[in-house]
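**Q** Got a sequence here, can you build the structure:
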Amino acid sequence: MNLAYLLHRLGTLLLVLVGVSLVTFAIVPLLPGSPVRVTLGVQATPESVAALERQMGLDRPLAVQYVDWIGGIVLRGDFGDSLISRQPIAGEVRRRVPATLTLAVAALLVGLAIALPMGFLSALAPGSRRDLGVSVLSQIGVSVPDFWMGILLILLFAETLGWLPSSGYRPLAEGFGPWARHLVLPAVTVGIISGSIMTRFVRSALLEVLGQDYVRTARAKGVPRPIVLRKHVLRNAAIPIVTIVGLQMATLLSAVVVVEIIFAWPGLGQLALTATLQRDYPALQAAVLLSAVAFTVINLLTDLSYALLDPRVAYA
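**A** So this is what the prediction gives:
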């Protein structure tokens, strides 16, 4: 791998994160309302509002607040204290990140378990009834909102059948059984939608490769179909498939807010929602920044994986 390319990408990633941090820090305080009003209520006197703003540090210039905030994150991993609970945000983040990662990874695995076989079945028989059925199912999966999907699964598997809990989270340290039972419904809810999206990309990637001359040549020479699929089709379709998988993983880390709310899942999405309602600026900024970091890092790792999948890939 070209070292210059890697350093260039790392530098670009750093610039993106700096830009995201600046935009996040500048935009969040523009939300209607303020943590002071949330804490004191609308009947608070100007004197009490000013006193609490000084106590929270909100009376300082925005540039000074940003330097203190980003400096604490970079130098000490300190996201500051919550304006509402006055507790360190870093501790809250450490408790919630494992839950979000668990849900995102599990949902991605469910999505892959749906997308890979369905994409293969559809691509190997384009225009057939099977292809049409897969297209219809994937369209339904994309069209159904995640909150509605979650509610339907709760009604069926939790309320009607009683097989699974309707909400909550159990860490793996409490045992694999409770952890898995609480994970199934939210992971399947997100995974069905993610799998429906990826099915289309898997089908398109496979169809494009199946139409190449070298595939037709191999088939004409009498090479068995399984070998053609394994050696020629899968290897050459891997890069677009890995690209959509990486994008889905990055998206899942920041787009499971609604599902976390439905299933009372204590992840970063719940933290962001609570912080937004309470106008807890540092907590909201931490959640947004961590989502941006995850998105950019996963995109970088996805790009770097191309050379491993196809040695012909050259990084300029």
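**Q** CA only for contacts and neighbour counts going forward, please
**A** Fine.
**Q** Tell me how many other residues surround L121.
**A** 15 (other CA atoms under 10 Å).
**Q** and after the helix or strand it falls within, which helix or strand comes next?
**A** Take DSSP states H and E as the rule and L121 turns out to sit in helix 89-123. Downstream of helix 89-123, the first helix or strand assigned by DSSP H and E is helix 129-143.
**Q** Let me know the angle separating that following helix from helix 89-123.
**A** 160 degrees (axes from the mean of the first three to the mean of the last three CA atoms, to 10 degrees).
**Q** In terms of secondary structure, what does helix 129-143 contact?
**A** Packing partners of helix 129-143 (3 or more CA pairs under 8 Å, 6 or more residues apart in numbering; DSSP states H and E): helix 89-123, helix 176-210.
**Q** Tell me which residues are up against it.
**A** Contact partners of helix 129-143, identified using CA atoms under 8 Å, 6 or more residues apart in numbering, comprise 118-119, 121-123, 125, 192-197, 199-200.
**Q** care to break the protein down by domain?
**A** 32-78, 93-267 (automatic domain parsing).
**Q** So what's the gap between the last one and the chain middle?
**A** With CA atoms, centre = their mean, to the nearest Å as the basis, domain 93-267 stands 13 Å off its chain's centre.
**Q** and if you look at stretch 8-27?
**A** Worked out by CA atoms, centre = their mean, stretch 8-27 lies 18 Å from the chain centre.
**Q** What are the boundaries of the helices in this protein?
**A** 3-27, 35-40, 46-56, 62-76, 89-123, 129-143, 146-153, 176-210, 213-220, 225-227, 235-254, 257-262, 268-278, 281-309 (DSSP state H).
**Q** in the last one, what counts as buried?
**A** When you say that, I think you mean helix 281-309. Buried residues in helix 281-309, counted by 16 or more other CA atoms under 10 Å: 281-296, 298-300, 302-304, 306.
**Q** cool, stretch 257-268 as well?
**A** Under 16+ other CA under 10 Å, the buried positions of stretch 257-268 are 257-263, 265-268.
**Q** For W163, give me its contacts.
**A** Contacts of W163 (CA under 8 Å, 6+ apart): F157.
**Q** any idea how far it is from P266?
**A** 22 Å (CA to CA, to the nearest Å).
**Q** I figured V233 hits G211, correct?
**A** No: using CA atoms under 8 Å, V233 is not in contact with G211; the gap is 9.8 Å.
**Q** now A99: how far from N299?
**A** 21 Å.
**Q** One more: L268?
**A** Counting by CA to CA - L268 and N299 are separated by 20 Å.
**Q** out of the contacts of helix 129-143, which are buried?
**A** For the contacts of helix 129-143, buried by 16+ other CA under 10 Å: 118-119, 122-123, 192-197, 199-200.
**Q** Show the contacting residues for the closest residue in space to A218 that isn't next to it in sequence.
**A** Once flanking residues are discounted, A218 sits nearest to V228: 6.8 Å by CA to CA, 6 or more residues apart in numbering. Neighbouring residues of V228 by CA under 8 Å, 6+ apart: 215, 218-219.
**Q** Among those, which one has the most neighbours?
**A** Neighbour-wise, these (other CA under 10 Å) top out at V215, 19 neighbours.
**Q** What about G175, how many residues nearby?
**A** Neighbours of G175 (other CA under 10 Å): 10.
**Q** Tell me the confidence at it?
**A** Note for G175: predicted pLDDT of 86.
**Q** same question, P32
**A** 67.
**Q** May I see the buried residues of stretch 11-27?
**A** 13, 17, 20-21, 24-25.
**Q** Distance to L3 and pLDDT added to those residues, as CSV?
**A** CSV is the format used below for those (distance: CA to CA, whole Å; pLDDT from 0 to 100):
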residue, distance to L3, pLDDT
L13, 15, 83
L17, 21, 84
V20, 26, 83
S21, 27, 84
T24, 31, 79
F25, 33, 79
